[in-house]
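Engineer: Quick one, structure for this:
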Amino acid sequence: MPELKRQLAALTPDQRAKLKARLAGEAAPPKVAPSASESVVPNGRPIDFTLFFFSANGASQSLGKYELLLRCAEFGDTHGFKAIWTPERHFSQFGGLYPNPAVLGAALAARTSQLEIRAGSVVLPLHNPLAVAEDWAVVDNLSGGRVGLAFATGWHKTDFVLRPEAFATRRESMAASIELLQKLWRGEQVSMPGVDGEPTAIVTFPRPTQPALKFWLTCKSEEGWAAAGRMGANVLAMMGASKTALAQCIATYRRARAEVGLPADSGTVSVMLHTYIDNDATRAKAKTREPLQSYLEDYIQQYRTLADPAIQQQVLSHKNDFLDFAFERYFEQASLLGPQSKCQGLLNELGDMGVNEIACLIDFGIDDNDVIASLALLADMANERRRAHAPSPAHHASFPEPA
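Structural biologist: Numbering: from 1, shown residues only. Have a look, this model is predicted:
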């Protein structure tokens, strides 16, 4: 996202005018769903589908703030989706519904029986690993062993009012905190400094249901992907700057696993994509344009303190051009937005790269009922991919059909 901002800011007025004209010309897709002859056939690469929540506005005073989360969890639980993710967000309207994924995870565990309950992500330097182990062991017990955690270092200074002393060393402390958390999860006794620094032997309770913690690293840089591979972690990531860059990161991850003696093809790569399936492409664009542009604008605001002031000013003065550019790129190249056929094509590409899961981000402003309708179409796509991957009818186990 910062790179895209810099590219737009560098355009001349004439280039911006040409860009707007080009975008206007591209914004007229067919008004009907592709015909059967135009449909894209899944390539047989297995891909799981998970539900990802990240951006809902926390400022509303209305009741029912978590209705979409709960409805989607129940739908996903009965329609074969793999997992549901909730993030850790602090002190911002953008994503403000999600300050504590363990609390939400407990609620989701009580409403589901199949979905894995995941944090996407726990900002580990903000917490004592002892507390993380205790909280998520509770959720693991409530869910019957369905917990999975992604860990992130955090980057927003405001978040670290919770633990200001942890900000400077947040990257360096991450690996040690994960190692400690794994020991605690396995039930090992560890020595921790207590009052006046006195060593104190600790074993956490309750004991979780799963014997080992299933965990991801939230990665942006290629170095982060390599670190995840060496650590034996799964990876949670966004699409990034391009498909080529994503493919390179996945290859780096696989090599890093092999270098430490792990199977190169093991480990789960989960990629977050904005998701709204609608077989009328024109309607899909109409319904997603304003919510996604609003999402992008809110997302950009989080980075306003990181950019050079001159670049900030240039981007702000051409904000509408940037949002048009970003929306078109997201819709056409980097999302599950629009008809099933278009989206199956992207899934084929990602499967060929080695992506194992799609984290479908669905809480970016679409009407709740439309989101559920989209999930029904997504479940159809998942069934289609499952059928394509099945070795024979005798081994076929499809998702339940949407009601």
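Engineer: Next, the buried residues of the one helix or strand residue 76 maps to.
Structural biologist: Element membership of residue 76 [criterion: DSSP states H and E] is helix 67-78. Going by neighbour count (16 or more other Cβ atoms under 10 Å), the buried part of helix 67-78 is 68-69, 71-73, 75-78. Backbone N, C-alpha and C define where each C-beta goes, glycine included.
Engineer: Let me know the pLDDT of residue 59.
Structural biologist: Model confidence at residue 59, given as pLDDT, is 71.
Engineer: On the three-state scheme, the closest residue to it other than its chain neighbours is what?
Structural biologist: Once flanking residues are discounted, residue 59 sits nearest to residue 93: 4.4 Å by Cβ to Cβ, 6 or more residues apart in numbering. The three-state label given to residue 93 by DSSP: H, G, I helix; E, B strand; the rest coil is coil.
Engineer: Might one say that residue 93 is in contact with residue 58?
Structural biologist: Yes. Using Cβ atoms under 8 Å, residue 93 is in contact with residue 58, at 5.6 Å.
Engineer: follow-up on the earlier one: just checking, what packs against the next helix or strand after the helix holding residue 76?
Structural biologist: For helix 67-78, the succeeding helix or strand toward the C-terminus, using DSSP H and E, is strand 83-86. Counting contacts by 3 or more Cβ pairs under 8 Å, 6 or more residues apart in numbering; DSSP states H and E, strand 83-86 is packed against strand 48-52, helix 67-78, helix 101-111, strand 116-123.
Engineer: so which of the ones you listed gets nearest residue 292?
Structural biologist: Closest approach to residue 292 among the helices and strands packed on strand 83-86 (Cβ to Cβ): strand 48-52, 14.8 Å.
Engineer: Let's see the closest one as CSV, backbone CA atoms only.
Structural biologist: Included here for strand 48-52 are C-alpha records, laid out as CSV according to Å, rounded to 0.1, in the frame of the first residue of the first chain:
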residue,chain,number,x,y,z
ASP,A,48,-9.4,-24.3,2.1
PHE,A,49,-11.7,-21.3,2.8
THR,A,50,-11.7,-19.4,6.1
LEU,A,51,-13.6,-16.3,7.2
PHE,A,52,-11.6,-13.3,8.2
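Engineer: elements contacting it?
Structural biologist: Contacts defined by 3+ Cβ pairs under 8 Å, 6+ apart place strand 48-52 against helix 67-78, strand 83-86, strand 116-123, strand 357-361, helix 368-389.
Engineer: quick one: that strand to helix 67-78, angle?
Structural biologist: Note on geometry: by axes from the mean of the first three to the mean of the last three Cα atoms, to 10 degrees, strand 48-52 and helix 67-78 are set 160 degrees apart in direction.
Engineer: Distance check, the residue nearest to residue 367 when sequence neighbours are not counted against residue 57.
Structural biologist: Nearest non-adjacent residue to residue 367, counting by Cβ to Cβ, 6+ apart: residue 287, 7.8 Å away. Distance, residue 287 to residue 57, using Cβ to Cβ, to the nearest Å: 18 Å.
Engineer: quick one, which of those two is more surrounded?
Structural biologist: residue 287 (19 against 16; other Cβ atoms under 10 Å).
Engineer: Which secondary structure element is home to that one?
Structural biologist: For residue 287, the element it lies in under DSSP H and E is helix 281-301.
Engineer: buried residues in that helix?
Structural biologist: Within helix 281-301, judged by 16+ other Cβ under 10 Å, the buried ones are 281, 284-285, 287-289, 291-296, 298-300.
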